[in-house]
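J.: Sharing a model that was predicted from the sequence below.
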Amino acid sequence: MGTIFEKGSSTKNNKWEKDIKNIGINKNYIRESSIGLPNVSEVEVLRHYKELSDKNFCVETGMYPLGSCTMKYNPKVNELMASLEGFANLHPLQSDEDSQGALELMYKLQEALKVLTGMSAISLQPAAGAHGEFSGMLVIKKYFEKLGQKRTKVIVPDSAHGTNPASASMAGFEIVQVKSNERGQVDIEDLKTLLNDDIAAIMMTNPNTVGIFEEQVLEISELMHKNGSLLYYDGANLNAVMGYSNPAIMGFDVCHINLHKTFSTPHGGGGPGAGPIGVVEKLKPFLPTPIIEYNNGKYYRNYNMPDSIGKVRSFYGNFGIFVRAYTYILMMGKDLKHATEDAVLNANYLKEKLKDVYDLAYDEKCMHEFVISGEKQKEQGSSTLHIAKRLMDYEIHPPTVYFPLIVHEAIMIEPTESETKERLDKFVNVMVKIAEEIKQNPEIVNSAPHNAPIKKVDETLAARQPNLRYKI
Ligand SMILES: *Cc1c(COP(=O)(O)O)cnc(C)c1O
C-alpha cells in the first residue's frame with residue numbers, strides 16, 4: 001500500500017490525497033516519505049541470499065556433533081511430503097469430515113509414538129521439547145490436584161538439561177536436586193533421603209546427559225511409585241534406545257519426544273516444532289485437548305475431555321512437522337532400530353579414538369553421546385571454548401560445550417547415525433591435530449576461528465550488544 005499511496009508518489013500533485021480520500025484512509029496513517037526499499041535486480045537479490053546461506057553452517061555442510069541435540073540428517077523426502085498440496089493448503093478450521101487424511105496422519109503418528117514410547121496416549125500439541133516438559137508437568141499437577149494430594153516438589157538430577165528445572169518451576173513446582181554418583185548416574189542413596197509426601201515427580205532422561213544409561217532406573221521407578229510420586233522421561237535422548245527400550249518399560253509415567261531430534265524434522269532457527277507428550281493410562285484424561293481419535297471408520301478431534309489441562313498450542317500443533325516425522329517413521333520402519341544401533345556405535349567409536357588424547361569424563365560404555373573434558377588442554381594454555389572455535393576452521397560444527405555442568409571444561413559429542421566412518425575419522429584426526437597444536441603453540445587455537453566468516457568475537461559484547469548488520 002505504501003508504494004501506491006505514498007505522499008508525492010504520484011506525478012500529479014494532490015492525486016495521492018484524492019486517492020486516499022476515495023478509499024477512506026485517514027491521512028495520519030499515510031507515510032510521509034519513501035520506505036527506502038533497495039532497488040535491485042532479481043539476480044542481485046538472489047546473490048545476496050546465496051552469499052548469506054554460504055556463510056551458514058548446516059548438517060549438509062559437514063559434521064554437526066552437537067551433544068544432546070541429535071543433529072541428524074533431515075531427509076529431503078520429508079519436505080516433499082510436507083509440501084503436498086492437500087497437506088500444505090489445508091485450513092485448520094476445516095471440518096473433521098473434510099480433513100480425514102490429515103487427521104488419519106496425526107492419529108497414525110500418535111499410534112507410532114505409542115509403540116515407540118510404550119505409552120497409552122499421546123498429545124501432538126506441544127511445540128518443542130521444553131514445551132512438552134511444561135505440558136507434562138501440568139498434567140502431573142492436575143493429576144495430584146484431582147487426587148486431592150498437595151505435592152509441591154519435583155526432583156531433578158544435577159546433570160539435567162536446564163529446561164527440566166525451568167519447566168517444573170514454570171508449572172509451579174519447587175525444585176529439589178539429586179546428586180550424580182562417580183559413575184555419572186543418579187545417586188540412589190541421595191535420592192532416598194529426598195523422598196517424602198511433598199514429592200510429585202522426578203524428571204530424568206535415560207541415557208542421561210552424560211550419555212550413560214541409568215542402570216538403576218527400575219529401582220528408581222519402584223522407589224518413586226512406592227512414594228506415591230510419578231516419573232517424567234525427558235525424551236531428548238530417545239535416539240539411543242528407540243526400538244530397544246522405551247520409557248514405559250523403564251517405569252516412566254509421562255514423557256516427551258523431540259521430533260526434531262529423534263525423528264528428523266528440522267531444528268529450524270526457533271521456527272515451528274513439535275514436542276509431543278505421552279502418558280500412561282491413568283493420566284490420559286489430563287492431556288491437552290483435542291486429541292485425535294478414531295471410531296466407526298472416522299477420525300475426529302476429541303474435545304470432550306473435562307479434566308484436560310486445556311490447549312497448549314493454537315489449533316493442534318505444527319501439522320507440517322507431523323507430516324515430516326511420520327514420513328521418516330514410515331520410511332525407516334524396522335530400520336529405526338538400526339538408527340539406534342549406529343548412533344550408539346558411532347559414539348563409542350569416537351570415544352575410544354579420543355580417550356587417550358582428551359580426558360574422558362566417565363570411562364564407561366556410552367550410549368549415543370559422550371562427554372570429554374578439555375581440562376588437560378586448559379593446563380596446556382588453551383580451553384574447551386578455544387577447541388570448539390578451532391573446529392570451525394576445519395569445517396566441523398563445534399560440539400556442545402560447558403554442558404553438562406557437572407563436568408569441568410565439558411565437550412559433549414553426539415555424532416548421530418548419519419555420519420560415515422570417513423567423516424568420523426576426519427573428526428578424530430582434527431581433534432587429535434588440535435590437541436597437538438595446543439601442545440606446540442596454543443595461540444593458534446586460542447585465536448581461532450581463522451577461516452570462518454565471523455572471526456573471534458568478544459562473547460559478552462556479542463551477547464549484550466549484538467550487531468546483526470551484514471556487511472559485504
Ligand atoms: C534438547 C533438549 C531438551 C529441550 O528440547 P527443545 O526441543 O530444545 O525445547 C530437553 N532436554 C534435553 C536433554 C535436551 O537435549
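T.: Everything's here; your move.
J.: Is residue 175 in a helix, a strand, or coil?
T.: Assigned by DSSP: H, G, I helix; E, B strand; the rest coil, the conformation of residue 175 is strand.
J.: That one is in contact with residue 153, isn't it?
T.: Yes - proximity of residue 175 to residue 153 meets the contact threshold set by CB atoms under 8 Å, at 7.4 Å. For every residue, glycine as well, the C-beta is placed using N, CA and C.
J.: Which of those two has more residues huddled nearby?
T.: residue 153 (18 against 15; other CB atoms under 10 Å).
J.: which ones are touching that one?
T.: 173, 174, 175, 176, 198, 199, 200 (CB atoms under 8 Å, 6 or more residues apart in numbering).
J.: Please check these and keep the buried ones.
T.: If you count burial by 16 or more other CB atoms under 10 Å, the buried members of the contacts of residue 153 come out as 173, 176, 198, 199, 200.
J.: and which of those is nearest the ligand?
T.: Among the buried ones among the contacts of residue 153, residue 173 lies closest to the ligand (CB to the nearest ligand atom), at 16.5 Å.
J.: near the ligand, which residues of the protein show up?
T.: Listed as neighbours of the ligand in the chain under the rule CB under 6 Å from any ligand atom: 68-69, 128-130, 161, 163, 205, 209, 234, 236, 258, 275.
J.: Include pLDDT when you put these into JSON lines, please.
T.: Shown next, in JSON lines, are the residues of the chain next to the ligand (pLDDT from 0 to 100):
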{"residue": "68", "pLDDT": "93"}
{"residue": "69", "pLDDT": "94"}
{"residue": "128", "pLDDT": "95"}
{"residue": "129", "pLDDT": "96"}
{"residue": "130", "pLDDT": "96"}
{"residue": "161", "pLDDT": "94"}
{"residue": "163", "pLDDT": "96"}
{"residue": "205", "pLDDT": "96"}
{"residue": "209", "pLDDT": "92"}
{"residue": "234", "pLDDT": "98"}
{"residue": "236", "pLDDT": "96"}
{"residue": "258", "pLDDT": "97"}
{"residue": "275", "pLDDT": "97"}
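J.: Among these, which lie within helices?
T.: Among the residues of the chain next to the ligand, the residues falling in helices (DSSP state H) are 129, 130, 163.
J.: Are any of these buried, and if so which?
T.: Listed as buried from those are 129, 130, 163; burial here means 16+ other CB under 10 Å.
J.: now the contacts of residue 153 in TSV, with pLDDT?
T.: What follows is the contacts of residue 153, written out as TSV (pLDDT from 0 to 100):
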residue	pLDDT
173	98
174	98
175	98
176	98
198	98
199	98
200	98
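J.: Distance of the closest residue to the ligand within the stretch 201-350 of the chain relative to residue 196?
T.: Closest contact between the stretch 201-350 of the chain and the ligand, by CB to the nearest ligand atom, is at residue 236 (3.2 Å). Distance of residue 236 to residue 196, given as CB to CB, to the nearest Å: 29 Å.
J.: So for the two, which sits in the more crowded spot?
T.: More crowded of residue 236 and residue 196, by other CB under 10 Å: residue 236, with 26 against 12.
J.: and residue 424, what element?
T.: helix 421-440 (DSSP states H and E).
J.: What residues of that helix count as buried?
T.: Using 16+ other CB under 10 Å as the test for burial, helix 421-440 gives 423, 424, 426, 427, 428, 430, 431, 434, 435, 437, 438.
J.: what does stretch 227-234 give?
T.: Buried residues in stretch 227-234 (16+ other CB under 10 Å): 227, 229, 230, 231, 232, 233, 234.
J.: From residue 300, how far out is the second one?
T.: Okay, so that is residue 229. Relative to residue 300, residue 229 is positioned 35 Å away (CB to CB).
J.: Likewise for residue 96?
T.: Distance, residue 96 to residue 300, by CB to CB: 5 Å.
J.: can you pull the contacts of the residue in the stretch 1-150 of the chain positioned nearest to the ligand?
T.: Closest contact between the stretch 1-150 of the chain and the ligand, by CB to the nearest ligand atom, is at residue 129 (2.3 Å). By CB under 8 Å, 6+ apart, the contact list for residue 129 reads 163, 234, 235, 236, 256, 258, 261, 275.
J.: which among these gets closest to residue 395?
T.: residue 261 (23.0 Å; CB to CB).
J.: And the helix or strand hosting that closest one, what does it pack against?
T.: Using DSSP H and E, residue 261 sits in helix 259-262. Applying 3 or more CB pairs under 8 Å, 6 or more residues apart in numbering; DSSP states H and E, one finds that helix 259-262 contacts helix 319-332.
J.: Can I get the helix it packs on as PDB, trimmed to CA atoms?
T.: The C-alpha coordinates for helix 319-332 follow below in PDB (Å, rounded to 0.1, in the frame of the first residue of the first chain):
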ATOM      1  CA  PHE A 319       1.000 -30.100  11.400                       C
ATOM      2  CA  GLY A 320       3.700 -29.800   8.800                       C
ATOM      3  CA  ILE A 321       6.200 -31.200  11.300                       C
ATOM      4  CA  PHE A 322       3.900 -34.200  12.000                       C
ATOM      5  CA  VAL A 323       4.000 -34.900   8.200                       C
ATOM      6  CA  ARG A 324       7.800 -34.900   8.200                       C
ATOM      7  CA  ALA A 325       8.100 -37.100  11.300                       C
ATOM      8  CA  TYR A 326       5.500 -39.600  10.100                       C
ATOM      9  CA  THR A 327       7.300 -39.800   6.700                       C
ATOM     10  CA  TYR A 328      10.600 -40.600   8.500                       C
ATOM     11  CA  ILE A 329       8.900 -43.300  10.600                       C
ATOM     12  CA  LEU A 330       7.300 -44.900   7.600                       C
ATOM     13  CA  MET A 331      10.400 -44.700   5.500                       C
ATOM     14  CA  MET A 332      12.600 -46.300   8.300                       C
END
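J.: Can you point out the buried residues in it?
T.: Neighbour-count burial for helix 319-332 flags 319, 320, 321, 322, 323, 324, 325, 326, 327, 328, 329, 332 (criterion: 16+ other CB under 10 Å).
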